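Chemist: Structure for this input, please:
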Amino acid sequence: MKLFSMYLFGQRLRQCRATARLTQEALAARLGVSQGWLSELETACQRTVQADTVVRLCWALECSADYLLGLSDDPRRAAVPAGGAP
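Modeler: Next comes the predicted model:
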């Protein structure tokens, strides 16, 4: 069983944000959070992350939660049924 790593989460968050061609400022604006807080997530200065935050990040970046959480090496999000987006 893999243990959760905020360091890995931050690395993958940064990678997905870069792939989506978003700045920290742009992603923060989409999520309604500060750029500084997002930077702290990416650099593992934040010690925890809430489940709803992971979901919002995944929707904004079109990546899978399993990937961000280190449970999968595939960043692609599974197909979502019609009306399934928050």
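
Chemist: Every contact and neighbour count from this point should use C-alpha atoms.
Modeler: Noted.

Chemist: what residues are up against Ser72?
Modeler: Listed by Cα atoms under 8 Å, 6 or more residues apart in numbering, the contact set of Ser72 reads Asp66.

Chemist: Quick check: chain neighbours aside, which residue is closest to the most centrally placed residue in the chain?
Modeler: Geometric centre of the chain, nearest residue: Leu57, 4.1 Å, by Cα atoms, centre = their mean. Excluding its sequence neighbours, the residue lying closest to Leu57 (Cα to Cα, 6 or more residues apart in numbering) is Leu31, at 7.6 Å.

Chemist: re earlier: so which helix or strand takes in the residue nearest to the centre of the chain?
Modeler: If you go by DSSP states H and E, Leu57 is part of helix 51-61.

Chemist: ok, now Arg12?
Modeler: Assigned by DSSP H and E, Arg12 belongs to helix 6-19.
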